[in-house]
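# This is a predicted model, with the sequence first.
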Amino acid sequence: MVFISFYYLIESVLVLILATRFCSGKITKNIIGEWEEDTGFYQALRVTDDSPIFKKQSKYQSIEVHKSEYFGKILVLDGVLQLTEEDADSYNEMMAHMPMMQHKNPKNALVIGGGDGYVLNEVLKHPTLEHVDHVDLDGDVVEVCKEHFKWGAAWDDPRVTLHVKDGSSFMKNVSDGFYDVIIQDSSDPWTWNDNGEIVKLPSGVLYTEEHFTELHRALSHDGVLNIQAETFHLPTDLDGIVSWRKQALKLGFTRARYGSIAISTYPTGQIGFLMCEKNADAASTRSEIDQRFKLMQQISRQTTYYQPKLQSSSLDLPLWVEKMVYYEVDYDNESIAGREEL
């Protein structure tokens with residue numbers, strides 16, 4: 001027992017040493033790690049000895065491609081893991097197919113962010129799609145992912161127009177009601193500094209009321225918006241989810257629901273999306289979604305994570321999360337005012 005206790009003591013000390021070296025997202029030899037100040041959670045991934053296999057400093061950030069024996073190639077921006085070949089399907093397929101399937105007949109789509117191209121690749125699997133604009137600030141990320149990832153040919157599709165510019169400024173010049181679906185695959189709106197203080201990031205502008213207003217304006221009458229909405233396991237992120245949902249409803253979306261995604265290489269193993277509909281009554285039925293998914297499979301446009309069952313089941317949340325997102329909760333008095341209709 002003494003030996004076991006000593007072993008775990010040493011292990012705990014090593015973890016604390018590592019944690020002090022990875023305040024938000026940093027890399028040392030063979031380790032990519034991320035520390036969450038909110039909860040004290042730390043997660044790390046071991047990479048191969050020859051990593052990184054590519055490294056470049058763009059105008060905006062450092063871009064690296066690493067390798068893992070299990071997770072394959074890994075995209076890392078400013079020391080923070082963005083995706084791995086092994087489990088990127090979960091997040092990117094859900095970000096793309098949930099709103100595309102929710103709309104009955106999506107012809108025009110917009111992808112903001114997602115410079116890696118995976119969401120774009122999934123959107124292109126829908127045969128109704130006629131045109132998609134892809135907007136990303138860092139063209140170097142796009143070029144690196146074209147070369148290093150298997151979905152890199154997505155930008156060659158004639159339906160795609162790439163715009164290397166800021167998503168917020170792009171939206172101000174979009175015609176009213178042009179897009180059926182808008183997907184905002186943005187980076188985190190905030191991080192933590194070495195002193196444990198929240199630092200707002202440039203991508204935070206994509207979560208403001210002003211930007212949400214532009215997104216709502218640019219959507220067609222039955223348009224659907226899907227945004228990256230962080231994890232419910234971190235208190236600061238959960239506050240963001242609640243705030244963004246209220247903001248969407250305030251601006252005229254008739255329904256805004258948070259959906260959950262399981263992904264092993266993101267901190268806490270979970271991330272989510274906020275799907276907002278301008279006209280919830282116009283949403284696709286389950287039978288329509290089943291038929292469209294079957295057609296996609298028949299023409300060899302397969303998915304590995306998304307399936308029609310997830311169109312509803314991913315929106316079912318743990319009770320405590322549902323209470324936070326959809327109820328008016330007074331924890332001081334341990335009372336619940338009432339649940340909103342979903």
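Happy to help now that I have it.

# Contact partners for Thr128?
Residues near Thr128 by CB atoms under 8 Å, 6 or more residues apart in numbering: Asn105, Pro106, Lys107. Where you see a C-beta, it was placed from the backbone N, CA and C, and this is true even at glycine.

# Then Leu238 would be within a helix, right?
Yes: Leu238 forms part of a helix when assessed by DSSP: H, G, I helix; E, B strand; the rest coil.

# Run a quick neighbour tally on the closest residue in space to it that isn't next to it in sequence.
Once flanking residues are discounted, Leu238 sits nearest to Phe232: 5.1 Å by CB to CB, 6 or more residues apart in numbering. Other residues near Phe232 come to 24 when the count uses other CB atoms under 10 Å.

# re the thing from before, list only buried entries from the contacts of Thr128.
The neighbour-count test (16 or more other CB atoms under 10 Å) marks Pro106 as buried among the contacts of Thr128.

# now, which of the contacts of Thr128 sits nearest Ser264?
Nearest to Ser264, judged by CB to CB, of those is Pro106 at 29.8 Å.

# and that closest one, which of the three is it?
coil.

# Could you pull up the residues touching it?
Pro106 sits next to Pro99, Met100, His126, Thr128, Leu129, Asp180, Val181, Val224 when contact means CB under 8 Å, 6+ apart.

# Quick check: the closest residue to it other than its chain neighbours vs Thr161, distance?
Leaving aside its sequence neighbours, Pro106 sits nearest to Asp180 (CB to CB, 6+ apart; 4.2 Å). Per CB to CB, to the nearest Å, Asp180 is found 16 Å from Thr161.

# Pick out whichever of these two has more residues nearby.
Asp180 (24 against 11).

# Could I get the phi/psi values of the more buried one?
The phi and psi torsions at Asp180 (degrees, to the nearest 10) take the values phi -80, psi -40.

# what do you get for Met95?
phi -60, psi -40.

# neighbours around it, how many?
Met95: 29 neighbours (other CB under 10 Å).

# Just the pLDDT for it.
Listed pLDDT for Met95 reads 98.

# re earlier: my guess is the residue nearest to Leu238 is in a helix, correct?
No: under three-state DSSP, Phe232 falls outside any helix and is assigned coil.

# for it, what are its contacts?
Each residue near Phe232 by CB under 8 Å, 6+ apart is listed here: Leu238, Ile241, Tyr258, Ser260, Gln270, Gly272, Leu317, Pro318, Val321, Met324, Val325.

# 10 Å instead?
238, 240-242, 258, 260, 268, 270-272, 317-318, 320-322, 324-325 (CB atoms under 10 Å, 6 or more residues apart in numbering).

# How about Glu214?
Listed by CB under 10 Å, 6+ apart, the contact set of Glu214 reads Gly167, Ser168, Ser169, Phe170, Met171, Lys172, Asn173, Val174, Ile182, Thr208, Leu251.

# same deal with Met100?
Listed by CB under 10 Å, 6+ apart, the contact partners of Met100 are 106, 109, 122-123, 125-126, 128-129, 180-181, 183, 224, 226, 284, 289, 292, 306.

# is it true that Ile241 lies in a helix?
Yes: applying three-state DSSP, one finds Ile241 inside a helix.

# Could you measure from it over to Lys278?
Ile241 is 20 Å from Lys278, where distance means CB to CB.

# what do you get for Gly272?
21 Å.

# In terms of neighbours, single out the busier of those two.
More crowded of Gly272 and Lys278, by other CB under 10 Å: Gly272, with 26 against 19.

# so where's the stretch 201-342 of the chain shaky on pLDDT?
The stretch 201-342 of the chain contains residues with pLDDT under 70 at 328-342.

# all helices of it, in order?
All helices of the stretch 201-342 of the chain, identified by DSSP state H, counting those that start in this stretch, fall at 209-218, 235-250, 286-298, 310-313, 319-326.

# Any chance of a markdown table for those helices, columns distance to Glu34?
Shown next, in a markdown table, are these (distance: least, CB to CB, whole Å):
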| stretch | distance to Glu34 |
| --- | --- |
| helix 209-218 | 26 |
| helix 235-250 | 13 |
| helix 286-298 | 34 |
| helix 310-313 | 26 |
| helix 319-326 | 22 |
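
# For Leu75, which of those helices is the nearest?
Of all the helices of the stretch 201-342 of the chain, it is helix 235-250 that lies closest to Leu75, at 21.3 Å by CB to CB.

# how far away is Leu317 from Gly272?
For Leu317, the distance to Gly272 - CB to CB - is 9 Å.

# hey, what's in contact with both of those two?
Counting by CB under 10 Å, 6+ apart, the residues touching both Leu317 and Gly272 are Phe232, Tyr258, Gly259, Ser260, Val325.
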